[in-house]
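# Based on what follows, work out the 3D shape:
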Amino acid sequence: MEIRHDKEERRFYAIYDDKEYSLEYNEVKDNLWEFMCPYIPSIVTNLKEIEIREKLIETAINYMEKHNIQVLDSGSCFHVRDFLDARKDLGFLIKYIIR
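Coordinates of the predicted model:
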């Protein structure tokens, strides 16, 4: 499965079994994003969909780290908030979270 970043549409996305999953973001200001996840199912019934959701978020966070982008944790995507809360042990994430 390939995760792609569409900068124009401001989203990370993947297609699996003819179904598209995406993680969208707004650029609040230079190097500050907030996430929205309207196309990540809230109720996931299989492990592959959970894996896709996690991979989309990890890919976005890795991109942000590489490009020194901060995340505004007041974004509307609770999947990203849950991911960040669960992964605060990773040093690079802590400096990118704005409360």
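# ok, what's across the strand from Ala14?
Tyr21 (DSSP bridges).
# wouldn't it be in contact with Tyr21 here?
Yes. With contact defined as C-beta atoms under 8 Å, Ala14 reaches Tyr21; the gap is 5.3 Å. The way it works is simple: take the backbone N, C-alpha and C, and place the C-beta from them, glycine included.
# Touching both of those two, which residues are there?
Ile52, Leu56 (C-beta atoms under 8 Å, 6 or more residues apart in numbering).
# which residues does the residue most central in space within the chain contact?
The geometric centre of the chain, computed from its C-alpha atoms, lies nearest to Ile57 (C-alpha atoms, centre = their mean), at 3.2 Å. Counting by C-beta under 8 Å, 6+ apart, Ile57 touches Leu23, His79, Val80, Phe83.
# could I get those residues as TSV with distance to Asp30?
Output for the contacts of Ile57, formatted as TSV (distance: C-beta to C-beta, whole Å):
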residue	distance to Asp30
Leu23	20
His79	25
Val80	20
Phe83	24
